[in-house]
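Novice: The sequence and its predicted three-dimensional model are supplied below.
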Amino acid sequence: MQQTIVITGASSGFGRLSANALAKAGHIVYASMRDTKGRNAAQVADVRKYAIDSKVDLRAIELDVGSQASADAAIAQIVAEQGRLDIVMHNAGHMSFGPAEAFTPEQLAELYDVNVLSTQRVNRAALPQLRKQGRGLLVWVSSSSSAGGTPPYLAPYFAAKAGMDAMAVVYARELSRWGIETSIIVPGAFTGGTNHFAHSGTPADQTRVAEYETGPYAGFGDEIMKAFGAILPPDADASSVAEAIVRVVDTPFGKRPFRVHIDPTQDGAEVAFAVIDRVRNEMLHRVGFSDLLHPRVNG
């Protein structure tokens, strides 16, 4: 069944790959991004070209996840044009790389804003419509780092993604009685096919960085990147994440998986989350809230 979908951070990476794939699957897809008339004007033009060439319903839309007003306006426009909104995909995010000590608290706050608070702004804009419909789906693009292997020099990013994952889990329980499903997508480390590593932030305190580089961690950043590259299979393809999201979206309501792992490095997150999610579910069973584990069929 055709769905109306909005994807945050869809100018590149998993967001754009998913937008293309979902549109090809027959859905109405809004690829949202900020600054559509400025830095992302070329991406807007490319979205339009892809839609025409592929004969699909793919549209770029202005949505700055750092602004509640922008999120409100984008969702209002989608609902005005389509009369409904079926799926919200939380994909917008940013990575940073470097020794944790060298990042300022303000940098950590900014990273948390992009990766976590952004989802809250979009939810507050979109959830009234989904609740009104009594049906919907939230797709959260998490990270295997939230429960799997966590190499050094990525602490601010890992902490933010863990926060987003925790939000996704609790939101799932608070929305199930409204008939709103949740699927958490858990990609592993893809060093190619996205701009995460290429556009990652760096520490503001370069003096601290220099102390690490001239001390026992000299050259450690390069070692980490080489180690990542060594364990990543040559056939690892970021588009596999988009394909997994299409499968989730096309799965009938009530049958969608709570978590989907796409991890070519097999860092252990799938095993760890199986235990973590089971413990959380058992607690709900014990206190009599088992119904929260499945979306209610309304209407």
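Specialist: Structure received.

Novice: for the longest helix seen in the chain, which positions count as buried?
Specialist: For the chain, the longest helix by residue count, based on DSSP state H, is helix 155-175. Neighbour counts over helix 155-175 (16 or more other Cβ atoms under 10 Å) mark 155-165, 167-169, 171-173, 175 as buried. For the C-beta atoms, the positions are set from N, CA and C on the backbone; glycine is no exception.

Novice: Could you do stretch 207-214 as well?
Specialist: By neighbour count with 16+ other Cβ under 10 Å, stretch 207-214 contains the buried residues 208-209, 212.

Novice: do the same with stretch 41-57
Specialist: 43-44, 46-47, 50-51, 56-57.

Novice: Which parts of the stretch 151-299 of the chain are helices?
Specialist: 155-175, 206-213, 220-231, 239-250, 269-286 (DSSP state H, counting those that start in this stretch).

Novice: May I see the ones you listed arranged in TSV, with distance to residue 61 and mean pLDDT as well?
Specialist: TSV is the format used below for those (distance: least, Cβ to Cβ, whole Å; pLDDT from 0 to 100):
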stretch	distance to residue 61	mean pLDDT
helix 155-175	22	96
helix 206-213	38	97
helix 220-231	33	88
helix 239-250	18	97
helix 269-286	32	96
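
Novice: Redo those helices as TSV? Include distance to residue 106.
Specialist: As requested, those are exported to TSV (distance: least, Cβ to Cβ, whole Å):
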stretch	distance to residue 106
helix 155-175	11
helix 206-213	15
helix 220-231	22
helix 239-250	31
helix 269-286	30
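
Novice: The buried residues of stretch 41-57 into TSV, with extra columns for distance to residue 122, secondary structure and pLDDT?
Specialist: Putting the buried residues of stretch 41-57 into TSV (distance: Cβ to Cβ, whole Å; DSSP: H, G, I helix; E, B strand; the rest coil; pLDDT from 0 to 100) gives the following:
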residue	distance to residue 122	secondary structure	pLDDT
43	19	helix	97
44	19	helix	97
46	23	helix	98
47	19	helix	98
50	23	helix	98
51	23	helix	98
56	23	coil	98
57	21	coil	98
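
Novice: Let me know the closest of the residues you listed to residue 247.
Specialist: residue 56 (17.8 Å; Cβ to Cβ).

Novice: surely that closest one meets residue 19?
Specialist: No. Taking contacts as Cβ atoms under 8 Å, residue 56 lies outside contact range of residue 19: 9.7 Å.

Novice: Which neighbours do the two have in common?
Specialist: Each of residue 29 lies in contact with both residue 56 and residue 19 under the rule Cβ atoms under 8 Å, 6 or more residues apart in numbering.
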